[in-house]
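>>> attaching a predicted model along with its sequence, questions to come.
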Amino acid sequence: MKPISSSGPALHYRLAVFSRALAAVGGGYVISTLSTMVLARLLPMAPADAVMTATMLSFAIFTCAVIWVFAARSAARSWLGLALPALLLALLAWLTGTGSVLP
């Protein structure tokens, strides 16, 4: 059995996979949470129905984010592909007043 080297392509590959896994879990969670907040506020239906619909859609959004992370050419591109929509969704959440406590 060959010992694991602390340098070379094996370590670089492992760090890239770890970075993608971290982006998939953390970034996917952020994207799905922000999209749920925005959709629950913007969907044209009763508030309870809008929240339920947005929550159900968040599972598909999370899955698409994970697929995106592992389909991107590099780990940096996958992080960028999650950061830009997250910033846009955070701006929409702020503009719609989703983050406020008052109705």
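Yes, it's here. Numbering: from 1, shown residues only.

>>> when you work out contacts or count neighbours from here on, use the C-alpha atoms and nothing else.
Noted.

>>> gap between residue 95 and residue 54?
Distance of residue 95 to residue 54, computed by CA to CA, to the nearest Å: 18 Å.

>>> what of residue 25?
With CA to CA as the criterion, residue 25 and residue 54 are 19 Å apart.

>>> which one's more surrounded, those two?
residue 54 (23 against 14; other CA atoms under 10 Å).

>>> OK, contacts around the more buried one?
Residues in contact with residue 54 (CA atoms under 8 Å, 6 or more residues apart in numbering) are 35-37, 39-40.

>>> and the residue most central in space within the chain, what element?
Nearest residue to the geometric centre of the chain (CA atoms, centre = their mean): residue 28, 2.5 Å. Secondary structure from DSSP states H and E places residue 28 in helix 28-42.

>>> can I get that helix in PDB, CA atoms only?
What follows is helix 28-42, C-alpha atoms only, in PDB (Å, rounded to 0.1, in the frame of the first residue of the first chain):
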ATOM      1  CA  GLY A  28     -26.600  25.000  -1.600                       C
ATOM      2  CA  TYR A  29     -28.100  25.700   1.800                       C
ATOM      3  CA  VAL A  30     -27.700  29.500   1.400                       C
ATOM      4  CA  ILE A  31     -29.100  29.500  -2.100                       C
ATOM      5  CA  SER A  32     -32.100  27.400  -1.100                       C
ATOM      6  CA  THR A  33     -32.800  29.400   2.000                       C
ATOM      7  CA  LEU A  34     -32.600  32.800   0.300                       C
ATOM      8  CA  SER A  35     -34.700  31.600  -2.600                       C
ATOM      9  CA  THR A  36     -37.300  30.300  -0.100                       C
ATOM     10  CA  MET A  37     -37.400  33.700   1.600                       C
ATOM     11  CA  VAL A  38     -37.800  35.600  -1.600                       C
ATOM     12  CA  LEU A  39     -40.300  33.200  -3.200                       C
ATOM     13  CA  ALA A  40     -42.500  33.100  -0.100                       C
ATOM     14  CA  ARG A  41     -42.800  36.800  -0.300                       C
ATOM     15  CA  LEU A  42     -43.300  37.200  -4.000                       C
END
